[in-house]
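Participant: Curious how this folds, go ahead:
(one chain, ligands or ions: 1)
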Amino acid sequence: MSDLHELCYFKNRPITREEYLVPLKAYLKAGIPATYTTEEAYNYEHGVEKEAESNTTPMHLICEHVPKDLNEEEESVVLEMMEQLWLNGAGWCLLNDKQETPACVLLRRGLHGSKYWDSCVDSGVRAEVLLRKLNDPNVEFLDDPADEFSEVAEEDDVPELVDETKLSTEQNKESGEAAKAVEIVQEMYNGPAGATDTYLNTELEYKNGALVTKEGADGVMMQWEDELMKAGSESLFKSIEDPNDINILNIGFGMGIIDTMIQEKRPTKHYICEAHPDVLRKMKEEGWYEKPGVVVLEDLLTKGVFFDGIYYDTFSEHYEDMVNDLFDVVVGLLKPTGVFSFFNGLGADRLVCYEVYKKVVDLDLSNYGMSVEFKTMKAPVTTLQENDDSPDSVWKDIKRAYWRCPLYYHPEVRFM
Ligand SMILES: C[S@@+](CC[C@H](N)C(=O)[O-])C[C@H]1O[C@@H](n2cnc3c(N)ncnc32)[C@H](O)[C@@H]1O
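Facilitator: Now for the predicted structure:
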């Protein structure tokens, strides 16, 4: 084990700047990467050449060993140690041998919501926002960023944010671990199916309280989400401009759960946008095309109608689609008093990713002059991994669980 790792076990108390922060900074300055793993240290010491499969980083060790009874002073030293590691490119979503990110370790130890947890989430948000910028074709890189990196690293008086951004950029570009982390995150956020075109050409079936793809058994919609849909339908009727002229739009019919709830509230007009032929067939069979006030749109056309409430819950679409296309549409179609809500499954494979995306979506919406409020709800325990083998697990016969969080953050979005 390296000295850097040794430090992260917090064997000596009290935790002071001199004993912990100062050496940590020195190791990093001497060139030990913030992503140096215990597996790499082991392989080095034992002459193993094979690349390790897991990544237990110093950040994992800190999250695993930070004592729970720290006083304020000690806590601030630990937080500064974490900041130093983030600043030097520690990965917020690298996985240890238990497939845990550093924040997952905190969660397991009952430290969800602690300052250490917030530090992990904030680092994730910065990394995600930066990643977006790096992928933006309009961003130009000036000169050779490697030169800039070494200059910046040596200047102590450079403002922190600038410093961190440049360091992280380099880390993301140069480190294999960071690239792997990016892959993991993208996989997490991309949801159960990749592309809309493929999805629309995939046969679906309604089976055992779920809408699934016929061959792959991907869950498109499941009955256990009804409480979440209830919260969605309530939100849509919260800011009605004229009670005699209520217009609601739902994008994505699925099992018609939210649409049935919307119907019970008798809006003047209820637009439903749905694209999949098998779902449209089901809607015809169930008489949705003939219901008074219901307008079925097979494509999201602008009809000169403005909505009191818009709900969005589709399948196989990526977060980028929401930011790049949907938010434009919402801004154009929502009444100034209206409420927009959506099925919030962004990053729901793990709580830390879910909370990172909660912040990212807030930042993105603010660019549209909108703000989001989240109401915390409990998600059914049968969705959690530890219940996978129980007979009432909702994931029985479903290829891939798309929900693993104990909480659901129900979003309500309004113009600021
Ligand atoms: C998760 S389900 C919606 C479930 C619905 N909220 C409910 O309460 O039952 C997603 C639905 O969105 C539909 N969908 C997928 N892509 C779409 C698109 N581009 N436009 C409209 N609907 C789409 C799918 O066919 C599917 O019926």
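Participant: Show me what from the protein comes close to the ligand.
Facilitator: When proximity is defined by CB under 6 Å from any ligand atom, the chain lies next to the ligand at 196, 220-221, 229, 251-258, 273-276, 279, 313-315. Quick note: C-beta positions are derived from backbone N, CA and C, even for glycine.
Participant: May I have stretch 71-87 exported as CSV, CA atoms only?
Facilitator: The C-alpha trace of stretch 71-87 is given here as CSV (Å, rounded to 0.1, in the frame of the first residue of the first chain):
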residue,chain,number,x,y,z
ASN,A,71,-15.5,17.2,15.5
GLU,A,72,-16.0,20.2,13.2
GLU,A,73,-12.3,20.9,12.8
GLU,A,74,-11.5,17.3,11.9
GLU,A,75,-14.5,17.2,9.5
SER,A,76,-13.3,20.3,7.7
VAL,A,77,-9.8,18.7,7.3
VAL,A,78,-11.4,15.6,5.7
LEU,A,79,-13.5,17.8,3.4
GLU,A,80,-10.4,19.7,2.3
MET,A,81,-8.6,16.4,1.6
MET,A,82,-11.5,15.4,-0.6
GLU,A,83,-11.4,18.8,-2.4
GLN,A,84,-7.7,18.4,-3.0
LEU,A,85,-8.3,14.9,-4.5
TRP,A,86,-11.2,16.2,-6.7
LEU,A,87,-9.1,19.1,-7.8
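Participant: For it, buried residues please.
Facilitator: Buried residues in stretch 71-87, counting neighbours by 16 or more other CB atoms under 10 Å, are found at 74-75, 77-87.
Participant: Tell me which of the residues of the chain next to the ligand fall in strands.
Facilitator: In this view, the residues of the chain next to the ligand that belong to strands under DSSP state E are 220-221, 251, 273.
Participant: Relative to A52, which of the residues you listed is nearest.
Facilitator: Closest to A52 out of these is V220 (37.4 Å), distances taken as CB to CB.
Participant: burial of the closest one, as a residue count?
Facilitator: Close neighbours of V220, defined as other CB atoms under 10 Å, add up to 25.
Participant: In this structure it contacts V212, no?
Facilitator: Yes: in this structure, V220 is within contact of V212 by CB atoms under 8 Å, at 6.2 Å.
Participant: so what sits against both of these two?
Facilitator: Counting by CB atoms under 8 Å, 6 or more residues apart in numbering, the shared contacts of V220 and V212 are L204.
Participant: how much space between the residue lying closest to E355 once chain neighbours are set aside and the ligand?
Facilitator: Leaving out its chain neighbours, the residue that sits closest to E355 by CB to CB, 6 or more residues apart in numbering is V121, at 4.8 Å. Distance, V121 to the ligand, using CB to the nearest ligand atom, to the nearest Å: 26 Å.
Participant: V121 against Y357, yeah?
Facilitator: No: judged on CB under 8 Å, V121 makes no contact with Y357 at a distance of 9.9 Å.
Participant: got any ranges where the stretch 1-150 of the chain has weak pLDDT?
Facilitator: Counting by pLDDT under 70, the low-confidence segments of the stretch 1-150 of the chain come to 139-150.
Participant: in it, which spans are helices?
Facilitator: 3-7, 22-29, 38-45, 58-65, 72-87, 102-108, 115-135, 145-154 (DSSP state H, counting those that start in this stretch).
Participant: Please tabulate the ones you listed in CSV and include distance to E285 as additional columns.
Facilitator: Below are the helices of the stretch 1-150 of the chain laid out as CSV (distance: least, CB to CB, whole Å):
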stretch, distance to E285
helix 3-7, 62
helix 22-29, 64
helix 38-45, 56
helix 58-65, 52
helix 72-87, 54
helix 102-108, 44
helix 115-135, 42
helix 145-154, 58
